[in-house]
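Novice: need a structure here:
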Amino acid sequence: MKIAISSGKGGTGKTFVATNMAFLADEQGEEVTYLDCDVEEPNGHLFLKPVNERTERMTVRAPVHIDPDKCTQCGRCKEVCRFSAVQETDEGGYVVDQAACGGCGACDIACPVDVISSEDAVNGKWFVSRTRFGPMSHAILGHAEENSGRLVTLVRNLAVELAAAQPSNEGPGTNGSPHVMIDGSPGTGCPVIASVSGARYAVIVAEPTVSGLHDLLRVLDLTRHFGVLSGVIVNKADLNDEMTERIEEAARKAGAGLLGTIPYDNAFTEAQICRETLLERGNSPATKAVRSAWRKITEDVLAGGTA
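Specialist: Numbering: from 1, shown residues only. Below is the predicted model:
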């Protein structure tokens, strides 16, 4: 059962929610595979203390080149490039802006004379690890490298393989399959689409600010487009009660479930220092809110109802 935790921007508490829900699934005796898709700034390991079992170099974005001597200047590469990375030169030929290139390979496929090539490049590393809740798939980019949907798909497929290798169970809401807890990339770009696509449910974490409301609406548009059932959690909700109410109203109008509000809690900082989830530190107002949200997901949503 794939549950994606997403947000419109970084710093809203997405990893906090994801790691604590991994704890709750494990507490119920369910198999949990944790997937950290935020490869630009991964921090799930700060709470889960994974023990590395496998490390591999990853190549998901290689420099693309057009051979000027063999190019017939037909322009097909420029026509199909969705990133506007193929630029026409003064001589009528074409070059690829490496900074804009998404590495999708569409230009290579479209070229009728096969003059477009790419060179392998190491973009970072991916890992398979073991945590106290189960296996973990994660990665980290090299310096000055950019995230991409292809990279997130690679890490996600690793998590699916790890989950498939786990013993199935019959816990609440699992339908006899392990949970894949997806700590998604922030925003609404290709990495986020790769994180959310194929998920059974998306938990969107928002913060009570004007920009938080704007970001939430963008993510809700994305999940609605891909037909992923969604629910909203407002983190640090007591910092701005009026904005929290506006976010809840926006979620209702968008047809998303309201999973709850989490108050600001200093216990989170204490848990982070100890490299533990908040729920492992005992009871607090924030832990009660997270438990309540998890019950709504497992009992109301995954069991067939609505949040």
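
Novice: regarding the spatially most distant residue from the centre of the chain, what is its secondary structure?
Specialist: No residue in the chain has its C-alpha farther from the mean C-alpha position than residue 91, which lies at 42.6 Å (C-alpha atoms, centre = their mean). Using DSSP: H, G, I helix; E, B strand; the rest coil, the three-state assignment for residue 91 comes out as coil.

Novice: so what's the backbone phi/psi at it?
Specialist: Torsion angles at residue 91 (phi, psi; degrees, to the nearest 10) stand at phi -90, psi 0.

Novice: what about the strands in the protein?
Specialist: Ranges of strands within the chain are 2-6, 32-36, 51-58, 64-66, 86-88, 94-96, 116-118, 124-131, 134-141, 179-183, 201-206, 229-235, 257-262, based on DSSP state E.

Novice: any chance of CSV for those, columns distance to residue 217, mean neighbour count and mean pLDDT?
Specialist: In this view, the C-beta of every residue, glycine as well, is placed from N, C-alpha and C. Listed next are these as CSV, based on distance: least, C-beta to C-beta, whole Å; neighbours: other C-beta atoms under 10 Å; pLDDT from 0 to 100:
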stretch, distance to residue 217, mean neighbour count, mean pLDDT
strand 2-6, 13, 27, 88
strand 32-36, 25, 28, 88
strand 51-58, 33, 12, 85
strand 64-66, 35, 19, 92
strand 86-88, 33, 16, 94
strand 94-96, 34, 20, 95
strand 116-118, 37, 18, 89
strand 124-131, 32, 19, 86
strand 134-141, 28, 24, 85
strand 179-183, 21, 29, 86
strand 201-206, 10, 28, 92
strand 229-235, 11, 25, 93
strand 257-262, 15, 23, 91
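
Novice: any chance of the ones you listed in TSV, with distance to residue 19 too?
Specialist: Output for the strands of the chain, formatted as TSV (distance: least, C-beta to C-beta, whole Å):
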stretch	distance to residue 19
strand 2-6	9
strand 32-36	8
strand 51-58	16
strand 64-66	37
strand 86-88	41
strand 94-96	40
strand 116-118	37
strand 124-131	9
strand 134-141	11
strand 179-183	8
strand 201-206	12
strand 229-235	13
strand 257-262	13
